[in-house]
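J.: what follows is a predicted protein model with its sequence.
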Amino acid sequence: MTITIRHALAADEAVRAAQSDTAKAAAEMMDERAFLAFYARTAAPLRAYVVRALGNATPADDIVQDAYLRLLRAAPETEDPQQLRALLFRVATNLMADYWRQRRRENGRTDEQAVASAPGPDIPLRVDMARVFEQLRPQQRQMMWLAYVEGADHREIASALGLKEGSVRVLLHRARRKLARLLHLSDRGRGDQ
């Protein structure tokens, strides 16, 4: 019994030490004011990216929160806001990949939910676009969002998605071509040709 208590106390002490190390690393990365400013600049675009890439708003807040937590725990060596932003999007991208793998294991299939995340003037058009967008592969959705909504250049997209910069141009072109084809098919299906 005393061995078990000692092990529990040792484990508890190890957890406290790890938390202390994490807090120190986060404090070294940026102070509270700098973090709040960084968060204010990046939270909305990051959440929008995650929601659009997932096609589902439900898990987005958890992924965004976890991305910031992991960024702080990683204690990156840079303080450059652009590099931190790229790293944050890369962490979120990896978390989304984990989410998709977990869902595939749990469900064995993909849920189809058309999400119109924010009310807008033409909700049917938004729902149609969301359905078409969901037909892209996850990486294609991520690239399209980063390029055309976030305005990221090829270098930033490569950094965020863990790709080579030269590959981004080709992959983005293929994603645009596929989206155009899907939109054309969607228009033909409605008789809007």
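T.: Nice, I can see it. Residues are numbered from 1 along each chain as shown.

J.: alpha carbons only for contacts and neighbour counts from here, please
T.: Fine.

J.: identify the residue nearest Arg141 in space, chain neighbours excluded?
T.: Ala53 (5.3 Å; C-alpha to C-alpha, 6 or more residues apart in numbering).

J.: looking at it, Leu88 is touching Ala67, isn't it?
T.: Yes: if you go by C-alpha atoms under 8 Å, Leu88 and Ala67 touch, sitting 6.4 Å apart.

J.: separation between Gln135 and Leu72?
T.: 34 Å (C-alpha to C-alpha, to the nearest Å).

J.: residues near His154, how many?
T.: By the criterion of other C-alpha atoms under 10 Å, His154 has 20 neighbours.

J.: with the one 5 residues further on instead?
T.: The burial count assigned to Ser159 is 16, neighbours taken as other C-alpha under 10 Å.

J.: where does pLDDT dip in this structure?
T.: Low-confidence segments of the chain (pLDDT under 70): 1-30, 107-128, 189-193.

J.: element containing the spatially most central residue of the chain, please.
T.: Most central in the chain under C-alpha atoms, centre = their mean is Ala92, positioned 3.4 Å from the mean C-alpha point. Using DSSP states H and E, Ala92 maps to helix 81-107.

J.: so which elements touch that helix?
T.: helix 32-54, helix 60-74, helix 154-161 (3 or more C-alpha pairs under 8 Å, 6 or more residues apart in numbering; DSSP states H and E).

J.: which neighbouring elements make contact with the second one?
T.: Using 3+ C-alpha pairs under 8 Å, 6+ apart as the contact criterion, the neighbours of helix 60-74 among helices and strands are helix 2-29, helix 32-54, helix 81-107.
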